[in-house]
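Trainee: sequence first, then the predicted structure, then my questions.
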Amino acid sequence: QVQLVESGGGLVQAGGSLRLSCAAPGRTFRWYNMGWFRQAPGKEREFVAGISWSGESTYYADSVKGRFTMSRDNAKITGYLQMNNLKLEDTAVYYCAATSSRTWSADDMNYWGKGTLVTVSS
């Protein structure tokens with residue numbers, strides 16, 4: 001099973017920043033839309049941010065707009081999530097995903113990573 005590989009999670013104080021990376025295993029992923037989802041304890045997995053295969057279009061959940069920025073480097077087949085002004089409620093396991101779909105439902109994702117934990121402390 002092909003998997004994406006996330007990195008960059010960790011412990012950060014509220015108001016701080018982290019940058020997550022998502023490495024894809026093959027050049028085929030150059031043509032996939034990429035997204036980030038998160039799952040907090042006791043909650044369902046939710047969409048956070050997405051980017052089109054070209055990088056021209058980005059999409060964000062209302063809860064992270066203005067604080068998170070998604071980008072990608074197609075030469076490296078890697079996606080990024082820059083997270084600024086982190087809040088306690090951003091604590092979750094963050095998952096990278098890739099999809100050939102144009103929608104951002106978790107059910108529509110074709111490939112997933114194993115996740116990276118982000119913990120925001122007060």
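Mentor: Yep, it's here. Residues are numbered from 1 along each chain as shown.
Trainee: mind listing what's buried in stretch 72-82?
Mentor: Across stretch 72-82, burial judged by 16 or more other C-beta atoms under 10 Å covers Arg72, Ile77, Thr78, Gly79, Tyr80, Leu81. Glycine gets a C-beta too; all of them are placed from N, C-alpha and C.
Trainee: quick one: the strands in this structure?
Mentor: Listed in chain order, the strands of the chain (DSSP state E) span residues 5-7, 10-13, 18-23, 33-39, 46-51, 58-60, 68-73, 78-83, 92-99, 111-112, 116-121.
Trainee: ok, and the closest non-adjacent residue to the residue most central in space within the chain?
Mentor: Taking C-alpha atoms, centre = their mean as the criterion, Trp36 is the residue nearest the geometric centre of the chain, at 2.4 Å. The shortest distance from Trp36 to any non-neighbouring residue, by C-beta to C-beta, 6 or more residues apart in numbering, is to Val48 (4.4 Å).
Trainee: surely the one you found touches Leu81?
Mentor: Yes - when contacts are counted by C-beta atoms under 8 Å, Val48 is listed as touching Leu81 (7.3 Å).
Trainee: between the two, which contacts overlap?
Mentor: Counting by C-beta atoms under 8 Å, 6 or more residues apart in numbering, the contacts common to Val48 and Leu81 are Trp36, Phe68, Tyr94.
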